[in-house]
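S.K.: Sequence first, predicted model second:
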Amino acid sequence: MNVQIVVTQHCSHCRNLEQELQDLGVDYQVLYVEEHPEVVNKFGIRHSPNVVVDERIIFRGQPTEAQLRQLLKLN
């Protein structure tokens, strides 16, 4: 499973989202919209954060830990 979080460099939710993914033991990649305009265009990103899994945008905005667990099939 390829997990990416697409965020702005000044996203106030990014640190929380990263911490939740780390706590869940999920490997992920951070893509900053300022450095990856092609990702912004591909997914029509207008806000931050966004969670992309296997080339599909799954969350627009900050998901809860329960939502992440359900999506990633974690107990």
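M.R.: Cool, got the structure. Numbers count the residues shown, from 1 in each chain.
S.K.: Determine the three-state secondary structure at the closest residue to Phe59 other than its chain neighbours.
M.R.: The spatially closest residue to Phe59, leaving aside those adjacent along the chain, is Val51, at 4.1 Å (Cβ to Cβ, 6 or more residues apart in numbering). Bear in mind the C-beta positions are built from the backbone N, C-alpha and C, glycine included. On the three-state scheme (DSSP: H, G, I helix; E, B strand; the rest coil), Val51 is labelled strand.
S.K.: for Arg15, same thing?
M.R.: Arg15 - assigned by three-state DSSP - is helix.
S.K.: Report pLDDT for it.
M.R.: Per-residue pLDDT puts Arg15 at 90.
S.K.: Okay, now the unreliable bits of this structure?
M.R.: 74-75 (pLDDT under 70).
S.K.: hmm, try it at 80
M.R.: Within the chain, the segments meeting pLDDT under 80 span 72-75.
S.K.: how about the helices in it?
M.R.: Using DSSP state H, the helices assigned to the chain run over residues 14-23, 37-43, 65-72.
S.K.: can you tell which of those is closest to Gln4?
M.R.: Among the helices of the chain, the nearest to Gln4 by Cβ to Cβ is helix 37-43 (8.1 Å).
S.K.: Report the buried residues of that closest one.
M.R.: For helix 37-43, a neighbour-count test (16 or more other Cβ atoms under 10 Å) marks 39-40, 43 as buried.
S.K.: Need the contact partners of it.
M.R.: Helix 37-43 has contacts (Cβ atoms under 8 Å, 6 or more residues apart in numbering) with 6, 31, 33, 45, 50, 52, 57.
S.K.: Next, give me the two most distant ones among these.
M.R.: Farthest pair in the contacts of helix 37-43, by Cβ to Cβ: Val33 and Ile57, 12.9 Å.
S.K.: Thank you kindly, that will do.
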